[in-house]
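[1] No sequence on hand, only this structure:
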């Protein structure tokens with residue numbers, strides 16, 4: 001009679017493990033979508049068009065975004081692909097449903113021709129790394 005109970009116990013444990021594994025994954029997916037911030041950009045590419053090199057002034061563009069997730073969004077780092085770019089971004093948490101923007105500056109000095117630069121945004125969002133692009137042409 002004991003072997004019967006042992007086999008019954010093992011079958012129950014096995015069934016429990018199989019069920020809890022699929023439920024655990026479903027719960028984790030729901031938690032990910034419900035409690036993480038999510039950064040959503042209005043536009044990920046900005047085109048400056050033609051920039052006159054002779055003006056020797058900084059040009060900038062605003063990349064607007066919204067936290068469409070359910071938790072506060074924190075931007076950790078904004079990396080630019082060259083020394084001709086610089087950034088200004090919010091250092092405070094962006095709350096759920098709140099909109100904000102980051103300003104990217106380009107200095108046309110010592111630059112010429114067509115450019116296609118990237119900006120990498122790292123944050124605590126579910127989509128924790130986003131790539132933004134700046135395009136244009138520097139002319140004399």
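    Great, that's in hand. Bear in mind that the values here come from a model prediction, so they are computed numbers and not experimental data.

[2] looking at the chain, which helix or strand is least sure?
    Least confident helix or strand, the chain: helix 2-35 with a mean of 49, by mean pLDDT, DSSP states H and E.

[3] Sheet-wise, list the partners of the following helix or strand past that helix with their directions.
    As assigned by DSSP states H and E, the chain's next helix or strand after helix 2-35 is strand 39-41. Sheet pairing of strand 39-41 (DSSP bridges) gives strand 59-67 (antiparallel).

[4] Can you list the buried residues in the next helix or strand after the strand it pairs with?
    Per DSSP H and E, the first helix or strand lying C-terminal to strand 59-67 is strand 75-80. Using 16 or more other C-beta atoms under 10 Å as the test for burial, strand 75-80 gives 75, 78, 80. Glycine gets a C-beta too; all of them are placed from N, C-alpha and C.

[5] Under the pLDDT cut-off, which ranges of the chain? List them.
    Within the chain, the stretches falling below the threshold (pLDDT under 70) are 1-34, 56-57.
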